[in-house]
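1. build me a model:
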Amino acid sequence: MDYVLIIFAVIGFSTSFFFVLPSFRRWQRQRVSIEKLRIISHALEHAEERALRFQERHDRILSQMCSYYMVNRELEDALAAARAAMNEAMEFAAGLRKMQLQILRSLSDEVDVSHVG
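-> Residues are numbered from 1 along each chain as shown. So this is what the prediction gives:
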């Protein structure tokens with residue numbers, strides 16, 4: 001009689017495990033997605049700050065150029081380098097923003113992401 005109770009207990013535990021496993025996997029995927037969002041939000045914040053610094057640098061160079069009537073080659077080279085760095089930083093920030101939106105769209109269930117970041 002005791003063996004029958006043990007067998008039923010094992011069967012019941014195994015069955016409950018099969019019901020819990022999909023929700024555990026979904027919870028784990030959501031946790032990983034939230035962690036990815038947190039990392040991307042942090043990187044995006046730094047990328048946007050970097051793009052802002054490059055833009056300020058570019059504006060300073062432009063104001064220097066406007067203060068001179070004759071444009072010398074060094075200022076022109078500095079302006080081209082600043083423009084390239086600013087464009088690269090803005091593209092990087094835009095790529096992170098797209099990645100963030102893609103992860104948000106991939107979440108299958110409603111997740112409270114207000115605490116991310």
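2. separation between residue 22 and residue 28?
-> Computed as CB to CB, to the nearest Å, the residue 22 to residue 28 distance reads 11 Å. In this view, the C-beta of every residue, glycine as well, is placed from N, C-alpha and C.
3. helix or strand for residue 79, which one?
-> helix 73-106 (DSSP states H and E).
4. helices or strands up against that helix?
-> helix 2-67 (3 or more CB pairs under 8 Å, 6 or more residues apart in numbering; DSSP states H and E).
5. which other helices and strands does the helix it packs on contact?
-> Contacts defined by 3+ CB pairs under 8 Å, 6+ apart place helix 2-67 against helix 73-106.
6. what pLDDT, on average, does the helix it packs on get?
-> For helix 73-106, mean pLDDT is 84.
7. can you give me the angle that helix makes with helix 2-67?
-> Compare the direction of helix 73-106 with that of helix 2-67 by axes from the mean of the first three to the mean of the last three CA atoms, to 10 degrees and you get 160 degrees.
8. and helix 73-106, what's buried?
-> Buried residues in helix 73-106, counted by 16 or more other CB atoms under 10 Å: 78, 79, 82, 85, 86, 89, 90, 92, 93, 96, 100, 103.
9. from those, which single one is nearest residue 4?
-> Nearest to residue 4, judged by CB to CB, of these is residue 103 at 49.7 Å.
10. list the contacts for that closest one?
-> Contacts for residue 103 (CB atoms under 8 Å, 6 or more residues apart in numbering) come out as 33, 36, 37, 40.
11. swap the cut-off to 10 Å and go again
-> Residue 103 makes contacts with 32, 33, 34, 36, 37, 40, 113, as judged by CB atoms under 10 Å, 6 or more residues apart in numbering.
12. just the buried ones among the residues you listed, please.
-> 33, 34, 37, 40, 113.
13. appreciated, that's everything.
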